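>>> sequence first, then the predicted structure, then my questions.
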Amino acid sequence: MRRYLLQTVWAISFCCTLTGPTAFAQEARRPAFAEATAGRANVLLIMADDLNNDMGTYGHPVVKTPNLDRLAARGVRFDRAYNQFPLCSPSRVSLLTGLRPDTTRIHELQTDFRTVLPDVVTLPQMFRRNGYVAARVGKIYHYGNPGQIGTSGLDDPASWDEFVNPRGIDKDEETKVTNLTPTRQLGSALAYYASPAADEEHTDGKVATETIALLEKHKDRPFFIGAGFYRPHCPYIAPRKYFDLYPLDTIPAPAASPDLWMPPPARFTIPPNWGISEQGQRESIRAYYASISFLDANVGRLLDALDRLGLTSNTIVVFISDHGYQLGEHGQWMKQTLFERSARAPLIVAGPGVSATGRATSRVVEFLNVYPTLAALTGVPAPKGLHGRSLIPLLKNPDAKWDHPAITQVRRGPEASRFMGYSIRTEKWRYTEWDTGKRGAELYDEVADPQETRNLVMDPQHQKVVADLQRRLRRVTGR
């Protein structure tokens, strides 16, 4: 059921309770519509939940994503895009504030970032203040998935003029899942269900439907609309026809990982592959792939709506996931590691201002770059102090000179003795250190060893590389 909030007075007063008099005054001074938005492009931000780069456009030999493939064909695909923290809320807050997690101080799933940074101007809020209508459907800021589907979760009311919290039949089907890890809650379980229900009955189907309704409603004025999908996050519930795309006998189990030397923080205490059988691993991967194809179908509905409404030529489309996802690599599943599969995630940008259409760039970029890029593409003045930089040079020339590494971090340890791991990624290297190196370090040659199987940090031949990457990492983190 739609739950639109259109009351301007309510929005301003609610924002005031969150951010104080400064925010109230700023919101009250939003520019007039005609002055603020003349000639500026729309923005459609499409976010997936827990999606890695297993997509056709990224060269995956099995996963079928025809709609994301066609989006990439008219935009620029970033082959090396990295999140700042491979966990939903820290990553999303960093993306939407343009600030690193050590500044937002959001390292878990419970804290509202406004309690830390009450006056920060978020990405959608920037557009609101400049005359755009800002609206979202589904998960843009953090929701517990699936527990908080149908609620606002940790949403930020100051960011939106309107919002919709859809709830689909998948919520009612949770009791029907096959849970291969029954001691884990559904939000972190290898659990799946091939649903007989139609696409439009599922939460993600409703996200697409409600987003299309917003596009229709606001097609005649500039907008920033966020479409937040819930797949392929577990439990992997999708219509059966998407499971049928992937016969189980065509799905390989993860390759057995060698017994690597790596510092204890890089490992989890749970057993490799969470103790599930090879058959269970294959079933999980199949269900994950099915969920990706279901997500892709709903993205296709949004692209079709843009075409039908005549909005494609004047709408910047950003497709992104909050972080990557492991499917058994190194015996690990899901996220919260500093390996490539967890730190890397898809990013595609298409629309006005993107001249290198149909091309990909191998330059290393960060999710922090999205905020300043959208400000630059639309001509909206960005707040000072953003930690990223505009990607416009790469949207014009994917081979442009670009030497800016990506920093990803994750937290480890019990509450009383927590410490951070930081990883720096360049085009050739990934260097990771735990607790500023006191608990170990890792160095991988991503060109010669993309599976990250050989830790070179102790190799005498690579000590100059280690020293250089340490210096560059600490320049950014201040540690």
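Perfect, I can see it now. Everything numeric here is computed off the predicted structure, so don't read it as measured data. Numbering: from 1, shown residues only.

>>> in this structure, what helix or strand scores lowest on average pLDDT?
helix 8-28 (a mean of 36; mean pLDDT, DSSP states H and E).

>>> which ones are touching residue 193?
170, 173, 176, 177, 178, 235, 236, 237 (Cβ atoms under 8 Å, 6 or more residues apart in numbering). Every C-beta, even on glycine, is put in place using the N, C-alpha and C of the backbone.

>>> how about it, secondary structure?
The three-state label given to residue 193 by DSSP: H, G, I helix; E, B strand; the rest coil is strand.

>>> got a pLDDT number for it?
Residue 193 is assigned a pLDDT of 98 by the prediction.

>>> next one: residue 270
Per-residue pLDDT puts residue 270 at 69.

>>> cool, and the one 4 residues further on?
Residue 274 is assigned 88 on the pLDDT scale.

>>> for it, give me its contacts.
Going by Cβ under 8 Å, 6+ apart, residue 274 touches 181, 190, 333.

>>> was I right about residue 155 contacting residue 138?
No: using Cβ atoms under 8 Å, residue 155 makes no contact with residue 138, being 10.2 Å away.

>>> between the two, who's got more neighbours?
A direct count of neighbours by other Cβ atoms under 10 Å for residue 155 and residue 138 places residue 138 higher, at 26 against 20.

>>> need the pLDDT of the more buried one.
98.

>>> and what of residue 267?
pLDDT recorded at residue 267 is 57.

>>> quick check: mean pLDDT of stretch 44-56?
98.

>>> now do that stretch: distance to the chain's middle.
In terms of Cα atoms, centre = their mean, to the nearest Å, the centre of stretch 44-56 is found 7 Å from the chain centre.

>>> what of stretch 121-132?
20 Å.

>>> which pLDDT does the model give residue 76?
At residue 76, pLDDT is 98.

>>> any idea how far it lies from residue 352?
Residue 76 sits 13 Å away from residue 352, going by Cβ to Cβ, to the nearest Å.

>>> kindly report the same for residue 209.
26 Å.

>>> tell me which of these two has more neighbours.
A count of neighbours by other Cβ under 10 Å puts residue 209 above the other of residue 209 and residue 352, at 19 against 15.

>>> run through the neighbouring helices and strands of whichever strand or helix holds that one.
Assigned by DSSP states H and E, residue 209 falls within helix 203-217. Contacts defined by 3 or more Cβ pairs under 8 Å, 6 or more residues apart in numbering; DSSP states H and E place helix 203-217 against strand 133-138, strand 162-164, strand 223-232, helix 278-308.

>>> and of these, who's closest to residue 194?
Nearest to residue 194, of all the helices and strands packed on helix 203-217, is helix 278-308, at 7.3 Å by Cβ to Cβ.

>>> which parts of the closest one are buried?
280-303, 305-306 (16 or more other Cβ atoms under 10 Å).

>>> and if you look at stretch 62-72?
Result for stretch 62-72 [16+ other Cβ under 10 Å]: buried residues 63, 64, 65, 67, 68, 69, 71, 72.

>>> how is the protein partitioned into domains?
Per automatic domain parsing, the structural domains of the chain span 8-404, 413-479.

>>> which one of these has the poorest average confidence?
Among the domains of the chain, domain 8-404 scores lowest, at a mean of 91.

>>> quick one, phi/psi of the nearest residue to residue 281 once chain neighbours are set aside?
Excluding the flanking residues, the one nearest residue 281 by Cβ to Cβ, 6 or more residues apart in numbering is residue 253, at 4.7 Å. Backbone torsions of residue 253, given as degrees, to the nearest 10, read phi -70, psi 160.
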